[in-house]
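>>> Structure of the sequence below:
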Amino acid sequence: MNTDTHPRRRAASPPDRPHKASYEQPYAALVDATPVRDADLEIRGVHAHVRVYGAATAPHRMVFLHGLRGDHHGLEPIVAHLVQECPDLQVWVPDLPGFGASPPMVDTAHDVAGYAAWTAELLTAVVPEGDAVLAGHSFGSIVAAATVAGPTGSAARPAPSVRGLVLVNPIATAALDGPRRALSAVTVGVHRLAAALPERVGTGLLRHPLFTRVASLAMVTSSDREMRRWIHAEHDRYFSGFADRRTLLESFHASVGTDVAAYAPRIGAPTLLVASENDDVAPLPSQRVLQATLADARLAVVPRIGHLAHYEAPGVVARETAEFLAALEAAAGRDEQ
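This is a model prediction of the structure:
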């Protein structure tokens, strides 16, 4: 593993999404002041693009997984706030295989099991001694939960050892069973149409700016015009940064076909659930049910926002996460006495 420390630079935008500088990034000053470097990793035989935030000498490490159709950029507002709150923490944010600057996996489906196996190996590479905290937002919450739960049956991979699990806007109910089941069914239909069309046409449909804008409008809850404008611009830049149609279709069907609750009974690690009061993708009542099924879980609720807590309230998410990490440290100290 090689790390390259350098002044802050961003990964290139997808070639079909040129950089847009016509909006104001509300967290730009904090993000730009956050130490960051690239980590050159090979996971399961494929290059993994990983951004590492925080001081290189920070003793504690967290791995944070982004949501569907995103990459590391979407988590930067949370991570920048979190590193400020916890200067002893490094946060490793990979582009999941097939998204951002990470190529697709080879001979492995881009489903929950495939991503969980990949994440388990990433954790081993980042923290061989097994002392990391694993976090995930939205679809990343499903992958993180599956990683910690470990495979079922005769699969050879054991569950990795983590000292804590943080799930932000966790998918507690599968999309096809949730309150947005009608919209989810329509979205599934669009993806099935994209799969049936010739590849170039189908990929164009999935990357169409109108499709991106409709999805963005469906999730934004902020009434602040500049905030909404910035979020839409972020989605315009990064929502289509998937490698190819196959990768996106596999990961999409994984995202709507399962949820964190499917893995909860096998999760023993202390867990923080960060839910949003007005999230109709991952509704609050389902988060309370999920909390009850976990062995050791705390639920924090971010008021007045929806599914995009990483954009609309990153400081609140970071503060709740920092308090959770402090509680883990305090518990570890008591155990040593």
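
>>> Which parts of the stretch 151-300 of the chain are strands?
164-168, 271-276, 297-302 (DSSP state E, counting those that start in this stretch).

>>> mind checking how far M62 is from R246?
30 Å (CB to CB, to the nearest Å). In short, each C-beta sits where N, CA and C put it, glycine included.

>>> okay, these two: which has more neighbours?
It is M62, of M62 and R246, that has more neighbours when counted by other CB atoms under 10 Å, with 27 against 16.

>>> my read: that one touches G136, true?
No - look at M62 against G136 with CB atoms under 8 Å: they stay out of range, at 10.8 Å.

>>> what sits in contact with each of these two?
Taking CB atoms under 8 Å, 6 or more residues apart in numbering as the contact rule, M62 and G136 both touch V166.

>>> So, low pLDDT: which residues of this structure?
1-24, 153-156, 158, 175-181, 336-337 (pLDDT under 70).

>>> Now do the helices in it.
28-32, 76-85, 112-126, 139-149, 181-196, 199-206, 209-219, 225-238, 245-257, 284-293, 309-312, 314-336 (DSSP state H).

>>> packing partners for the fourth one?
Using 3 or more CB pairs under 8 Å, 6 or more residues apart in numbering; DSSP states H and E as the contact criterion, the neighbours of helix 139-149 among helices and strands are strand 60-65, helix 112-126, strand 133-137, strand 164-168, helix 245-257.

>>> Apply 6 Å and report the result again.
With contacts defined as 3 or more CB pairs under 6 Å, 6 or more residues apart in numbering; DSSP states H and E, helix 139-149 has these neighbours: strand 60-65, helix 112-126, strand 133-137.

>>> before we move on, what about the last one?
In terms of contacts (3+ CB pairs under 6 Å, 6+ apart), helix 314-336 is packed against helix 76-85, strand 164-168, strand 271-276.

>>> From the contact counts, what lies against the first one?
Using 3+ CB pairs under 6 Å, 6+ apart as the contact criterion, the neighbours of helix 76-85 among helices and strands are helix 28-32, helix 314-336.

>>> cutoff 7 Å now
helix 28-32, strand 89-94, helix 309-312, helix 314-336 (3 or more CB pairs under 7 Å, 6 or more residues apart in numbering; DSSP states H and E).

>>> Just send the ones you listed back as a markdown table, with distance to S276 too.
Compiled in a markdown table, those are given as follows (distance: least, CB to CB, whole Å):
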| stretch | distance to S276 |
| --- | --- |
| helix 28-32 | 21 |
| strand 89-94 | 21 |
| helix 309-312 | 5 |
| helix 314-336 | 9 |
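
>>> Would you mind giving those as CSV with mean neighbour count and distance to Q291 added?
Output for the helices and strands packed on helix 76-85, formatted as CSV (neighbours: other CB atoms under 10 Å; distance: least, CB to CB, whole Å):
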stretch, mean neighbour count, distance to Q291
helix 28-32, 15, 30
strand 89-94, 25, 24
helix 309-312, 24, 17
helix 314-336, 16, 14
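
>>> So for A185, which of the strands of the stretch 151-300 of the chain sits nearest?
Of all the strands of the stretch 151-300 of the chain, it is strand 271-276 that lies closest to A185, at 23.0 Å by CB to CB.
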